[in-house]
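Asks: heads up, no residue letters with this:
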């Protein structure tokens, strides 16, 4: 090759050189360092394993009622995701197990006496409106399971309200009647703390055992699947507010422990609020999210007509997540104050 040709060839851009392909450059937003061992499927399997203690307690305590809710909600979520994804012309997504997790969480959050069509409709709404309409897994703003439950809670108030928990028959006597939070709020009757902690009380089929939820939640935190900042800040905030009311009313600690172990607090703090898609990204943002969720839970429990507030509190804070992310953007290394 002559010197002139070499000079011309070196001056040409790679794509203009004959017989040479331009270099392949991938441009993508940060972070550029990722853990190949972490995947959506692995995280969803972890969540299912974390939920297993609550599932076991629900099947032992509520038997057919719990089995019915779990089967209906999981089957409806899987079917809804498959059909809606295919309608959008997207690839098969059931292998990531996210729809199964939504179905299990939704089934565990239902009252045992709810008719099958309530759980099925909640599943379709949760997957369709809470997830697929936003673009699928990783794109949703709100927790899909709570979107579905909120819909049927409003649409079927009689089937999902306090009366639904009193219609479950054939169980041990210890779980008949109103839920502990309803009994305390409307009748001033406090449930013993030991049954609340273990789970021998009435309520949504998977939320009654604080012990089972704590065991499963600690597993998720150990696996780094759930954020400890969110769980701890929610529980601590509820404890502070309930403790102040306890001291002011002279309940000798019973009011505090009742609000910690009754209802869906532990279930929501470990399995619902910690959804990585609908919660903030930074540690500071997660603490803000948790404190806000805890405050809303107690505001709804104490001042509204609802005995429970976890579902609505999480959904409201889900809507605040984009703002929290903006408020807590970390400063780049070396950036000077303006």
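Replies: Everything's here; your move. None of the values given here were measured: they were computed from a predicted structure.

Asks: is it true that residue 216 touches residue 56?
Replies: No: with contacts counted by Cβ atoms under 8 Å, residue 216 stays clear of residue 56, the gap being 10.0 Å. In short, each C-beta sits where N, CA and C put it, glycine included.

Asks: between the two, which one's more packed in?
Replies: More crowded of residue 216 and residue 56, by other Cβ atoms under 10 Å: residue 216, with 25 against 14.

Asks: and the more buried one, helix, strand or coil?
Replies: When classified by DSSP: H, G, I helix; E, B strand; the rest coil, residue 216 comes out as helix.

Asks: contacting residues for it?
Replies: For residue 216, the contacting residues are 49-54, 270-271, by Cβ atoms under 8 Å, 6 or more residues apart in numbering.

Asks: Could you measure from the residue nearest to the spatial centre of the chain over to residue 327?
Replies: The centre of the chain sits closest to residue 272, judged by Cα atoms, centre = their mean, with a distance of 2.1 Å. Applying Cβ to Cβ, to the nearest Å, the value for residue 272 to residue 327 is 22 Å.

Asks: I'd like the average pLDDT over stretch 180-188.
Replies: Here stretch 180-188 scores 83 as its mean pLDDT.

Asks: got the contact list for the closest residue to residue 209 other than its chain neighbours?
Replies: The shortest distance from residue 209 to any non-neighbouring residue, by Cβ to Cβ, 6 or more residues apart in numbering, is to residue 199 (2.6 Å). Taking Cβ under 8 Å, 6+ apart, we find residue 199 in contact with 57, 61, 208-212.

Asks: if we go to 6 Å?
Replies: 57, 208-209 (Cβ atoms under 6 Å, 6 or more residues apart in numbering).

Asks: What count of nearby residues applies to the closest residue to residue 281 other than its chain neighbours?
Replies: Closest residue in space to residue 281, ignoring its immediate chain neighbours: residue 325 at 5.7 Å, by Cβ to Cβ, 6+ apart. Using other Cβ under 10 Å, residue 325 is surrounded by 15 other residues.

Asks: measure residue 325 to residue 289 for me?
Replies: From residue 325 to residue 289 the distance is 10 Å (Cβ to Cβ).

Asks: Also residue 327?
Replies: Remark: distance between residue 327 and residue 289 (Cβ to Cβ) = 11 Å.

Asks: What of residue 41?
Replies: On the measure of Cβ to Cβ, residue 41 and residue 289 end up 25 Å apart.

Asks: same thing with residue 258?
Replies: Distance from residue 258 to residue 289, by Cβ to Cβ: 25 Å.

Asks: These two: who's more crowded?
Replies: Shown here are residue 258 and residue 289; by other Cβ under 10 Å, residue 289 has more neighbours (29 against 22).

Asks: I'd guessed that one sits against residue 280; true?
Replies: Yes: counting by Cβ atoms under 6 Å, residue 280 is a contact partner of residue 289 at 5.0 Å.

Asks: can you list residues touching both of the two?
Replies: Common contacts of residue 289 and residue 280 (Cβ under 6 Å, 6+ apart): residue 324.

Asks: quick one: secondary structure of residue 145?
Replies: Following three-state DSSP, the label given to residue 145 is helix.

Asks: in terms of contact, does it touch residue 102 like I think?
Replies: Yes: contact criterion Cβ under 6 Å: residue 145 and residue 102 qualify, at 5.0 Å.

Asks: Now for these two: what residues contact both?
Replies: residue 126.

Asks: you'd agree the residue nearest to the centre of the chain is up against residue 313?
Replies: No: proximity of residue 272 to residue 313 does not meet the contact threshold set by Cβ under 6 Å, at 9.7 Å.

Asks: if we can go back for a sec, for the contacts of residue 216, give me JSON lines that also has pLDDT, distance to residue 317 and secondary structure.
Replies: Shown next, in JSON lines, are the contacts of residue 216 (pLDDT from 0 to 100; distance: Cβ to Cβ, whole Å; DSSP: H, G, I helix; E, B strand; the rest coil):
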{"residue": "49", "pLDDT": "96", "distance to residue 317": "26", "secondary structure": "helix"}
{"residue": "50", "pLDDT": "96", "distance to residue 317": "21", "secondary structure": "helix"}
{"residue": "51", "pLDDT": "96", "distance to residue 317": "21", "secondary structure": "helix"}
{"residue": "52", "pLDDT": "96", "distance to residue 317": "27", "secondary structure": "helix"}
{"residue": "53", "pLDDT": "96", "distance to residue 317": "26", "secondary structure": "helix"}
{"residue": "54", "pLDDT": "95", "distance to residue 317": "22", "secondary structure": "helix"}
{"residue": "270", "pLDDT": "96", "distance to residue 317": "15", "secondary structure": "helix"}
{"residue": "271", "pLDDT": "95", "distance to residue 317": "15", "secondary structure": "helix"}
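
Asks: could I get the residues you listed as CSV with distance to residue 233 and neighbour count?
Replies: Shown next, in CSV, are those (distance: Cβ to Cβ, whole Å; neighbours: other Cβ atoms under 10 Å):
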residue, distance to residue 233, neighbour count
49, 24, 14
50, 19, 25
51, 22, 26
52, 25, 15
53, 23, 20
54, 22, 29
270, 12, 28
271, 16, 29
